[in-house]
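**Student:** 3D model of this:
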Amino acid sequence: MTMVRAAITQTTWTGDKESMIEKHEQFARDAKDQGAQIICFQELFYGPYFGITEDKKYYAYAEPVDGPIVKRFQALAKELDLVMILPIYEEDMPGVYYNTAVVVDSDGTNLGSYRKHHIPHLDRFWEKFYFRPGNLGYPVFNTAVGPIGLYICYDRHFPEGWRELGLNGAQIVFNPNATKPGLSNRLWEVEGPAAAVANGYFVLQPNRVGREDNEYGELAVDFYGTSQVIDPRGNFVGERGSGTDEELMIRDLDMDLIRQMRDDWQFYRDRRPDSYTSIPKP
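**Tutor:** Alright, predicted model coming up:
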């Protein structure tokens with residue numbers, strides 16, 4: 001049996017960037033103390049979820065993928081011997097910004113990044129004001145714990161990207177989120193398990209939790225947490241996260257389940273890309 005001990009986190013906005021960074025550094029230390037080998041934080045982990053409004057001041061939260069925050073966590077990853085997934089606000093150049101997750105290996109190496117492809121523009125999710133659509137494809141990163149894929153929040157509604165990650169060799173896919181009550185509640189329950197089953201891999205979904213009214217007052221939404229870890233058969237690994245409170249979740253992933261699931265259900269063998277004639281069309 002091959003096991004990977006993974007951690008995901010959920011929290012709310014403290015009110016300032018430095019305390020958020022320190023909080024997540026402590027999450028990483030606590031996870032390592034509990035034997036974790038890899039950790040993933042929530043979407044845009046060191047700031048508020050600023051899609052609530054359209055305000056140019058939040059552009060200041062953007063940093064390069066080799067900027068100060070990533071370098072700070074590279075040093076911590078090396079110190080702790082811990083793979084880290086860092087969902088950041090990326091500045092590619094002034095005025096060009098992406099919703100990005102950076103993969104740092106356990107030796108502190110920056111392995112690369114994924115840029116969120118699907119950008120919503122809905123009430124209090126005004127993301128097109130802040131992000132360009134991702135343009136780096138669906139990379140899979142060979143980390144110390146195995147091949148890792150990334151998909152960010154609203155991406156999860158689109159099955160094509162989940163499949164791209166499977167075809168590219170992912171065995172664990174992290175899907176960091178900032179998701180609130182409303183139309184998404186039922187989708188949150190089913191999309192992760194469906195993706196795990198259809199592609200025969202683990203899906204880990206951290207989500208923000210709590211109300212960021214310290215930033216947005218009456219406009220704030222109530223993120224519902226319930227972060228979840230799902231095995232290749234679509235089962236939750238342990239309990240889902242709290243719906244109201246900050247939490248560090250540690251779960252053991254039995255990697256042998258990937259081969260078992262794929263041998264039982266030959267979805268990769270039986271798929272028919274030659275017949276899916278409408279998918280590549282606009």
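**Student:** my guess is residue 153 contacts residue 42, does it?
**Tutor:** No. The criterion here is CB atoms under 8 Å, and residue 153 misses it with residue 42 at 9.3 Å. C-beta here means a position set from N, CA and C on the backbone, and glycine is covered the same way.
**Student:** anything in contact with each of these two?
**Tutor:** Counting by CB atoms under 8 Å, 6 or more residues apart in numbering, the residues touching both residue 153 and residue 42 are 176-178.
**Student:** which of those residues tops the neighbour count?
**Tutor:** Neighbour counts for the shared contacts of residue 153 and residue 42 (other CB atoms under 10 Å) peak at residue 176, which has 30 neighbours.
**Student:** that one: what's it in contact with?
**Tutor:** Listed by CB under 8 Å, 6+ apart, the contact set of residue 176 reads 40-43, 45, 85, 87, 101, 150, 152-153, 205-207.
**Student:** what of residue 156?
**Tutor:** 162, 175, 177, 187, 191-192, 195, 205.
**Student:** and those as CSV, adding distance to residue 107 and secondary structure?
**Tutor:** Below are the contacts of residue 156 laid out as CSV (distance: CB to CB, whole Å; DSSP: H, G, I helix; E, B strand; the rest coil):
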residue, distance to residue 107, secondary structure
162, 29, helix
175, 25, coil
177, 28, strand
187, 37, helix
191, 33, helix
192, 30, helix
195, 30, helix
205, 27, strand
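**Student:** which residues of the stretch 1-150 of the chain fall in strands?
**Tutor:** Using DSSP state E, counting those that start in this stretch, the strands of the stretch 1-150 of the chain run over 3-10, 38-40, 83-93, 96-104, 110-115, 121-122, 125-126, 140-143, 146-150.
**Student:** okay, helices next: where are they in the chain?
**Tutor:** Using DSSP state H, the helices assigned to the chain run over residues 17-33, 68-80, 159-167, 184-199, 213-216, 256-264, 267-270.
**Student:** and of these, who's closest to residue 121?
**Tutor:** Evaluated with CB to CB, those place helix 184-199 nearest to residue 121, the distance being 15.3 Å.
**Student:** show me what that closest one is packed up against.
**Tutor:** helix 159-167, strand 202-205, strand 228-230 (3 or more CB pairs under 8 Å, 6 or more residues apart in numbering; DSSP states H and E).
**Student:** tell me the buried residues in that helix?
**Tutor:** For helix 184-199, the neighbour count (16 or more other CB atoms under 10 Å) marks 184, 188, 191-199 as buried.
**Student:** then stretch 132-141?
**Tutor:** 132, 134, 138-141.
**Student:** give me the distance between that stretch and the centre of its chain.
**Tutor:** In terms of CA atoms, centre = their mean, to the nearest Å, the centre of stretch 132-141 is found 13 Å from the chain centre.
**Student:** got the phi and psi for the residue nearest the centre of the chain?
**Tutor:** The centroid of the chain falls nearest to residue 176 when counting by CA atoms, centre = their mean (2.4 Å). Main-chain torsions, residue 176, degrees, to the nearest 10: phi -70, psi 140.
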